[in-house]
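S.K.: Have a look; sequence and predicted model below, questions after that.
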Amino acid sequence: MIFALSFHEYAHAWMAYKCGDNTSARMGRLSMNPIAHLDPMGSLMILFVGFGWAKPVPVDSRLLGNPRTDMMKVAAAGPIANLILAFASGLLL
C-alpha cells in the first residue's frame, strides 16, 4: 500500500517535471522514497482503518508549457501509474 501511494505521487511529480514544472524536484518530491510522499495522518489511517492518503504533489501551472493540457497529463499520471502497478502485480500472481 505504501509503495502504491509513493508510486502514484511520484508519477504526478515526474509528469509535472516533464511538462516543465520543477517545483516537486526542488521540494524533494521527485523521488520514490515513501518518506517524501507519506502524510502522517494518512499513514496512521492505513494502519488503523485500512485506507489512507499521501501528501499531494505541488504543481505550479504557471511553469507548465501548456497549462490546460499539461495539468490534465499531470492529473492522469497518478491513476495511470495505479493501473500499471495493478497490471504488473497481476502478472506476478
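M.R.: Nice, I can see it. Residues are numbered from 1 along each chain as shown.
S.K.: helices and strands around the longest helix along the chain, which ones?
M.R.: Ranked by number of residues, the top helix in the chain under DSSP state H is helix 67-92. Here helix 67-92 touches helix 2-18, going by 3 or more CB pairs under 8 Å, 6 or more residues apart in numbering; DSSP states H and E. For every residue, glycine as well, the C-beta is placed using N, CA and C.
S.K.: can you list the weak-confidence ranges in this protein?
M.R.: Of all residues in the chain, none has pLDDT under 70.
S.K.: And for it, the residue most distant from the center?
M.R.: residue 93 (24.5 Å; CA atoms, centre = their mean).
S.K.: can you tell me which residues contact that residue?
M.R.: Under the criterion of CB atoms under 8 Å, 6 or more residues apart in numbering, residue 93 has no contact partners.
S.K.: any idea how far residue 50 is from it?
M.R.: Distance of residue 93 to residue 50, given as CB to CB, to the nearest Å: 20 Å.
S.K.: rewinding a little: how many degrees apart are the longest helix of the chain and helix 2-18 in direction?
M.R.: 150 degrees (axes from the mean of the first three to the mean of the last three CA atoms, to 10 degrees).
S.K.: Near residue 17, how many other residues are there?
M.R.: Counted with other CB atoms under 10 Å, the neighbours of residue 17 add up to 19.
S.K.: residues touching it, list them.
M.R.: 24, 25, 30.
S.K.: looking at the residues you listed, which has the most residues close by?
M.R.: Neighbour counts for these peak at residue 24, which has 24 neighbours (criterion: other CB under 10 Å).
S.K.: hey, C-alpha coordinates of the helix or strand in which that residue is found in CSV?
M.R.: Secondary structure from DSSP states H and E places residue 24 in helix 23-26. This file holds the C-alpha atoms of helix 23-26, laid out as CSV (Å, rounded to 0.1, in the frame of the first residue of the first chain):
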residue,chain,number,x,y,z
THR,A,23,8.5,22.5,-8.1
SER,A,24,8.3,18.9,-7.0
ALA,A,25,12.0,18.3,-7.8
ARG,A,26,13.0,21.4,-5.7
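S.K.: Distance from the chain centre to that helix, please.
M.R.: 13 Å (CA atoms, centre = their mean, to the nearest Å).
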